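Visitor: Quick one, structure for this:
(chains A and B)
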Number of protein chains: 2
Amino acid sequence: MSEIETSAALTPRYDANGLIAAVAQDADTGQVLMLAWMNAEALAATLATKRATYWSRSRAALWVKGETSGHTQEVIEARIDCDQDAVLLRVRQTGPACHTGAQSCFYRRIEAGELVKT
Amino acid sequence: MSEIETSAALTPRYDANGLIAAVAQDADTGQVLMLAWMNAEALAATLATKRATYWSRSRAALWVKGETSGHTQEVIEARIDCDQDAVLLRVRQTGPACHTGAQSCFYRRIEAGELVKT
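Guide: Numbering: from 1, shown residues only, chains lettered A, B, ... in the order given. Down below sits the predicted model:
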């Protein structure tokens, strides 16, 4: 295995835009809630405050999840994957995670090429 | 809500490289196994064959998960998120999902800025 896979050093591999993908999972139910993006500042803020903080690509701004909606994510545990280019947050979600009001952003399944609400 | 959030039409929003992030979750245990990438061909193959197929960015080639290792992922359900730029696969995993031999690629948690094996 390579150094990055075994190391105890946190060396995230950000993409060309300086971002890393972050998956939020409900720590209690295991439900995958959303996938968002972090830059180094967002990851540092998430780890320091234990409140999930992302980088909003559409607004090009730091995004403390729930700052306006109140639908915050308390970070119970943060993990990083083998090659350090993806983050997994196990969170305690207040209210729905999705801005549409759905508990999870993944509220449609793909069935025979079409989308069906779950 | 916008059309893309409510529509029954599958219209994935690929990034500038033609890729969409895909999260694989164990359908039985709920464990998040890995995050990988798909292009349109990989997504189509995944949906058609019910075997998780990704785009390997390092090899720049289609990657039928487990084709060489035998560690396949049978797709029980595929979902897409609100703005259709992320895919969630609920899979039945044969063997470990991670090429390191770990069950999940997320085998290290971030603790006080360092990585600790779980």
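
Visitor: chain center to the helix of greatest length in chain A, what's the gap?
Guide: Ordering each helix of chain A by length in residues (DSSP state H) puts helix A:40-49 first. Distance of helix A:40-49 from the chain centroid (CA atoms, centre = their mean, to the nearest Å) equals 12 Å.

Visitor: average pLDDT across it?
Guide: Helix A:40-49 shows a mean pLDDT of 98.

Visitor: which residue packs closest to A:Gly30, ignoring adjacent ones?
Guide: B:Gly30 (3.0 Å; CB to CB, 6 or more residues apart in numbering or on different chains). Bear in mind the C-beta positions are built from the backbone N, C-alpha and C, glycine included.

Visitor: Please report how far that neighbour lies from B:Ala24.
Guide: Remark: distance between B:Gly30 and B:Ala24 (CB to CB, to the nearest Å) = 12 Å.

Visitor: Name the residues contacting each of the two.
Guide: Here B:Gly30 and B:Ala24 share no contacting residue, scored by CB atoms under 8 Å, 6 or more residues apart in numbering or on different chains.

Visitor: Please say which of the two ends up with more neighbours.
Guide: B:Ala24 (25 against 14; other CB atoms under 10 Å in any protein chain shown).

Visitor: Am I right that the more buried one is in contact with B:Val91?
Guide: Yes. Counting by CB atoms under 8 Å, B:Ala24 does reach B:Val91; the two are 5.2 Å apart.

Visitor: same for the longest helix of chain A, what does it pack against?
Guide: Identification of packing neighbours for helix A:40-49 by 3 or more CB pairs under 8 Å, 6 or more residues apart in numbering or on different chains; DSSP states H and E yields strand A:53-56, strand A:61-64, strand A:73-80.

Visitor: a markdown table for the ones you listed, including mean neighbour count?
Guide: Output for those, formatted as a markdown table (neighbours: other CB atoms under 10 Å in any protein chain shown):
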| stretch | mean neighbour count |
| --- | --- |
| strand A:53-56 | 22 |
| strand A:61-64 | 15 |
| strand A:73-80 | 20 |
